[in-house]
Structure formats: structure tokens, C-alpha cells
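>>> the sequence isn't on hand, but the structure is:
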């Protein structure tokens, strides 16, 4: 099956990766995905079947709403803080680039060419965020009453996004006419925030702006719910109103608005708590504020966002050649040691807070895109953090060893933290990394451990890496989903030198162009998850990708069109790479299917 799963009245269809799971063959993340996707299709019994879409333009009415429902379910089943961060991380690193590039389109577009190309991250992920904003506007109880009204009123009918919003208006008594611009206006809004403290009064000024997108040069102000708290110098939240509320949702509906409260000393704003709106936040946090948020804030998203900003700040300087990795790492040691000290409270959250942003996300911050410089900076920073906190990584890698397999959220979090520690240890060049990875690979309790050990051995070219790859393939040759992981591990090996390996794998007896999962594991991983290879200076990564698109298009045009979106960063590339990629795409376009041609034309015309 091409996609993850599909609801039908009385019969759901699943991709095997989204319904088959066993600890020996499925990673913890895979288990959580199965749980989420099964929940998603089940929830469609109501939001998709009992109440469905009047026409294709209303697709997000069922998909965005149901993504929100499965996210809330997963938050209840696992760590709510971790779940929200993972949802936001995916949105920011995948949907935001779509919304800011040639493939940008409204959640409810005015037209489309091929409906297959309409099942996008904007429809699903941004659509879910639009529903979540209404949740914030109404509050949990009001939102529940509004959705109950929606299901009761429209049971058995095919309706529109306007009908959904009308239920929110009726229960809340709020006019949401302006809010509906979220459905018709493409692009990611930028929320610029400035502040001042004067005469014991703290003032926040918000300015919103949405950059132009294809076909929409002029943008109007949106209704943006911003959940916020304000921390004092000790990290304690300040009262925000006469009732003493420590958290508040303020509604921004103009280009510029101001919010103020009494405050006697320096303030650290905790903004967009829970990521209450899908916007880019532009506020000049200083190092002390970010450290305070990371150490003391009660909001899981804001803690993670603070960590990411600290990492990005250091990495940006390295990309620009303005700093030294060792010094940048040392500046982060005190606050990261606090995170490690609290890791036992929520190991999964600690693992997220200690993880560097990926190279794709880092590259998107720099124009023109410099994949080589980004890779060098990222590797140097991981190596420096590995060395600066080496004793901590070694302790975590050794002390989080389990003797019995457990599949609850806490056990999964411990494995996630241990695997991260092992990765940092290997990056630092510590001799124990090879021993620990080899032992974990030989006697794993589950696929999460086995695959993490294999990845460390292969990605850091440790002794026994090739033997482990051969052993893994022999052990799991009859398990298709596990072999997908084998291909993906090799496709994600950083550096231009991995291209020859990836090309050879396309001719491997176990590689099958007719199986979407296998193609995504190899070609998708290269194009979407291995920028240092895909964006090779000589254009070989693009040529390999283009050849794969052409071959795949003759077999499965829908998957080819989906994979082609990996070229949407074309306008951000420097001149030489841009010419290489454009030339490769033009060659593909000459004989492309309608599905693939539509995507390529939008990218090439940007």
C-alpha cells in the first residue's frame, strides 16, 4: 500500500509497517507509530465516515481533525511533553519548508491538478494545528462540547470546514470569521516579539507577518492564540492577572498588539507554550533566558525549544566560521548537566533535550544552503559535546542497560536515552563505544537496541561494521520491514562517499522498485535525510536521485511525485548546486507522468 493506511467504511487498509509489530522486529518508534496510525484510522469512523467531506477541497476537515485526535490520544498513552515535541519537530522540519517553498498551498486550496498530489503535510499536519488552535481558543471543555455538537448535528452528512468552525463559534460565542483565514491563506506566519521593562511594568509587543507564497503576494493578519507564562530570575512563574493565573492565552488578531503586566525585575518570557500556533517565533532570547527556560520551565515544548535555540546559536556560529566547537560545547555543559541530572524524571524527554537539531533543519537556516559546511559544523559540534560530557555519556550507556524487555513508555525512554549516549560516545572517539555497540548488537533485547547498535557501528565506521551489516541481513532476510531498516541505515551514512554504496544497493537482490516501503527506505532516506550525500558538490546525488525518479515513475507515479518534493529546496541552493539539480529535474520532466510533472513544474518555476 502506497501510504500509511486508509479508512473505508467497514474496511481499513494498512501498510504493513503501520499494523505489524513485534519487539524483535519493530523499534519503539515503530510501535508508537502503529499505535498512532491504528488510532487515526479508528477515529476516522467518526471524523471521515460518520461525518465526511462535501468535496476534495475540504480534505483537511477529516484529515487535519483526525491527526489532531490521534496526537491527543498518543499524548495520553505516552509522555505528553515528548509527544508534543515530536509532533512539532516534524511539523517545523517538514511542513514549514513545504509552506515556505514552491509547494506552498492553503489548507483549503481553490484548485488542484492531480488529487494524488493533494495529500500533503499542509493538509494533514498544518490542518491539525488549525484544529489545535481552536482547542486553545475554546479551552478543553469548550472544544469537547463543540466537537460533540459537530458530530451530533452532522452525523451522516458531507460537510465543509466552515460547518466545523461554525460549531466552535456557537459554543464559544466568539466570531471566528478572521480565524478562517488560516484555511485560505498559505505560508508560515512570522511572529516577531520585543519586550521592555520600565517602572516595574513589563511589556511584550507582538507583530505578525506572513511572507508571500506562490499565487498569494498579499497576506492579511491572522487570529493567533499565544499561550504564555513569564518567569522571574529564579525560574518561578509570575502572576499574569488579578486572579493570580500563571499561564494565559492571549489572542493576536492585528498586525501589532501589546500585552503588559507588573514585574519588579528581569523577566524571561515562556512563549507559544505547547506550541499553541504554527508560527515562526522571532524573539531575541539571550543565553541566560534560554538556560533558565531549559532548567526551570514547566512546559515541555518550551524547554525543548530553548535547548534547540541554544544548539542552533552555537551551530550557526560554526557554520559561519565564527567559533570553535570545543568552546561552544563547554558553554553548554552546565545546563546540559542539569538536564542529565534530571533525566530519570522522564528519560524520553531528556533524550529529546540532549539531541542536536538535524542537518536538514540547520541547513534551512542558512541561505544559500551550504550542505558541506552544515555537515562539518554539525559533526564538529556532536564530537565536541561527546568529549565535553564523555563521562556522563559513558555512565548512561552502561547504567541504562536492561536485563528484561519491557515495552512501557518509561522503558522506551530509557532505551532512547541510552542509544543517544552511545551515539555521542562514538562521536567523541571513546574506545568503549565500539565494545558497547558490539555487545548491544550481539545480544539485543529488541530491535530498538539492535538497530541503534548497527547504526553506531556503520555511521562511525567502527571495527566490525561490515560484518554486522552482513550478519543483520542474514538474520533478517525474510523480514521485509526489518530489511527496510537495513537499507535505511546505509542510505543515511553521511558524506558523498556513501553515494556509490547507495547506487550499488539499488541493484541489490533484496531491493524492489515495486515496493514503496523499500524505495522510501533507500531513495527517500538519501533525498530527505542525508543532505551531505544528496547535495554532493559535483551533483552526483541529484543525478542518482533523478534516475531513481524516472525509473520509479514508470512503476508508481504517486510515490515518484511524493519523493520529488525532496527537490523543493532548489531555490535555496547556491548557484552551482542549483544548476546541477535543475538540469537533473528537467531531464526527468521530459518523460514524466502527470503526477510527477505537476510537482516538478512547481519546483522548477519557483
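On my side now, so go ahead. Keep in mind it's a predicted model, so treat the numbers as computed, not measured.
>>> tell me what residue 208 is bridged to.
residue 191 (DSSP bridges).
>>> any idea how far residue 217 is from it?
Distance of residue 208 to residue 217, computed by CB to CB, to the nearest Å: 17 Å. Any C-beta I mention is one placed from the backbone N, CA and C, and that applies to glycine too.
>>> out of those two, which sits in the busier spot?
Comparing residue 208 with residue 217 by other CB atoms under 10 Å, the one with more neighbours is residue 208, at 21 against 8.
>>> quick check: phi and psi at the residue nearest the centre of the chain.
In the chain, the C-alpha nearest the mean C-alpha coordinate belongs to residue 90, at 1.4 Å (CA atoms, centre = their mean). When read as degrees, to the nearest 10, the backbone of residue 90 gives phi -70, psi -40.
>>> that one contacts residue 125, correct?
Yes - in this structure, residue 90 is within contact of residue 125 by CB atoms under 8 Å, at 6.9 Å.
>>> which secondary structure elements does the helix ranked longest in the chain contact?
Scanning the chain for the helix with the most residues, using DSSP state H, yields helix 127-154. Applying 3 or more CB pairs under 8 Å, 6 or more residues apart in numbering; DSSP states H and E, we find helix 127-154 packed against strand 51-53, helix 59-77, helix 161-172, helix 181-184, strand 224-231, strand 248-252.
>>> need the next SSE after the helix or strand containing residue 385, C-terminal direction.
Assessed by DSSP states H and E, residue 385 sits inside helix 371-388. Sequence order places helix 390-399 as the next helix or strand after helix 371-388, per DSSP H and E.
>>> residues of that next one that come out buried?
390, 392, 393, 394, 396, 397 (16 or more other CB atoms under 10 Å).
>>> quickly list the domain ranges of the chain.
46-184, 190-284, 477-606 (automatic domain parsing).
>>> quick one on the thing from earlier: closest to residue 357 out of the helices and strands packed on helix 127-154?
For residue 357, the closest of the helices and strands packed on helix 127-154 is helix 59-77, at 21.5 Å, according to CB to CB.
>>> the closest one to helix 161-172, inter-axis angle?
50 degrees (axes from the mean of the first three to the mean of the last three CA atoms, to 10 degrees).
>>> tell me the buried residues in helix 59-77?
Neighbour-count burial for helix 59-77 flags 59-75 (criterion: 16+ other CB under 10 Å).
>>> and the helices in the stretch 401-550 of the chain?
For the stretch 401-550 of the chain, the helices defined by DSSP state H, counting those that start in this stretch occupy 409-427, 432-442, 447-459, 465-476, 480-491, 498-506, 516-519, 525-529, 531-534, 540-553.
>>> if you count neighbours, what's buried in the second one?
Residues of helix 432-442 classed as buried by neighbour count (16+ other CB under 10 Å): 433, 434, 436, 437, 438, 440, 441.
>>> in TSV, list those along with pLDDT and distance to residue 421.
Output for the buried residues of helix 432-442, formatted as TSV (pLDDT from 0 to 100; distance: CB to CB, whole Å):
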residue	pLDDT	distance to residue 421
433	97	10
434	97	15
436	97	9
437	97	11
438	97	16
440	95	12
441	97	16
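>>> would you format the buried residues of helix 390-399 as a markdown table with pLDDT included?
Putting those into a markdown table (pLDDT from 0 to 100) gives the following:
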| residue | pLDDT |
| --- | --- |
| 390 | 97 |
| 392 | 98 |
| 393 | 98 |
| 394 | 98 |
| 396 | 97 |
| 397 | 96 |
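>>> quick one: which of these is nearest to residue 155?
Closest approach between the buried residues of helix 390-399 and residue 155, by CB to CB: residue 396, at 51.5 Å.
>>> quick check: the closest one touching residue 415?
No - counting by CB under 8 Å, residue 396 does not reach residue 415; the two are 11.3 Å apart.
>>> would you mind measuring from the residue of the chain most remote from its centre to residue 264?
For the chain, the residue at maximal distance from the C-alpha centroid (CA atoms, centre = their mean) is residue 199, at 41.6 Å. Distance, residue 199 to residue 264, using CB to CB: 11 Å.
>>> and what of residue 370?
Distance from residue 370 to residue 264, by CB to CB: 45 Å.
>>> among these two, which residue is more densely surrounded?
Neighbours per residue, other CB under 10 Å: of residue 370 and residue 264, the larger number sits with residue 370, 19 against 12.
>>> what about the more buried one, distance to residue 308?
Distance of residue 370 to residue 308, computed by CB to CB: 20 Å.
>>> over to residue 465?
Separation of residue 465 from residue 308 (CB to CB): 30 Å.
>>> please apply the same query to residue 105.
According to CB to CB, residue 105 stands 27 Å off from residue 308.
>>> Three-state assignment for residue 195, please.
Secondary structure state of residue 195, per DSSP: H, G, I helix; E, B strand; the rest coil, is strand.
>>> where does pLDDT dip in the stretch 51-200 of the chain?
Nowhere does the stretch 51-200 of the chain drop to pLDDT under 70.
>>> and with 80 instead?
Within the stretch 51-200 of the chain, the segments meeting pLDDT under 80 span 112-118.
>>> without its sequence neighbours, what residue ends up closest to residue 241?
residue 248 (6.9 Å; CB to CB, 6 or more residues apart in numbering).
>>> and if you look at residue 434?
Using CB to CB, 6+ apart, the closest residue to residue 434 is residue 462 (4.4 Å).
>>> contacts only, for that neighbour.
Neighbouring residues of residue 462 by CB atoms under 8 Å, 6 or more residues apart in numbering: 426, 433, 434, 437, 438, 456.
>>> most widely separated two among those residues?
426 and 438 (11.4 Å).
>>> any idea how far residue 3 is from residue 519?
13 Å.
>>> settle it for me: which of the two has more neighbours?
Set residue 3 next to residue 519 and count neighbours by other CB under 10 Å: residue 519 wins out with 25 against 14.
>>> got a list of what that one touches?
So, once contact is read as CB under 8 Å, 6+ apart, residue 519 ends up touching 513, 548, 552, 556, 559, 563.
>>> same thing with residue 51?
Counted by CB under 8 Å, 6+ apart, residue 51 has contacts 62, 150, 151, 154, 155, 156, 157, 159.
>>> which residues sit in contact with the closest residue to residue 115 other than its chain neighbours?
Leaving out its chain neighbours, the residue that sits closest to residue 115 by CB to CB, 6+ apart is residue 56, at 5.8 Å. Applying CB under 8 Å, 6+ apart, we find residue 56 in contact with 112, 115, 118.
>>> relative to residue 184, which of those residues is nearest.
When the contacts of residue 56 are compared against residue 184 (criterion: CB to CB), the nearest one is residue 112, at 14.3 Å.
>>> so what's the residue count around that closest one?
14.
>>> number of residues surrounding residue 322?
Per other CB under 10 Å, the neighbour tally for residue 322 reads 9.
>>> per-residue pLDDT, residue 11?
Reported pLDDT at residue 11 in the predicted model: 87.
>>> and it, what helix or strand is that in?
For residue 11, there is no helix or strand it lies in under DSSP H and E.
>>> residues contacting it?
So residue 11 contacts nothing (CB under 8 Å, 6+ apart).
>>> equivalent analysis for residue 12, please.
Under the criterion of CB under 8 Å, 6+ apart, the neighbours of residue 12 are 5, 6, 41, 42, 44.
>>> and those, which two are furthest apart?
Top of the distance list for the contacts of residue 12 (CB to CB): 6 and 42, 12.7 Å.
>>> which ones among the contacts of residue 56 map onto strands?
Counting by DSSP state E, no part of these is found in strands.
>>> next, the buried residues of stretch 596-606.
Neighbour-count burial for stretch 596-606, counted by 16+ other CB under 10 Å, picks out 596, 597, 598, 599, 600, 602, 603, 604.
>>> how about stretch 148-168?
150, 154, 159, 160, 161, 163, 164, 165, 166, 167, 168.
>>> before I go, just wanted to say thanks for your time.
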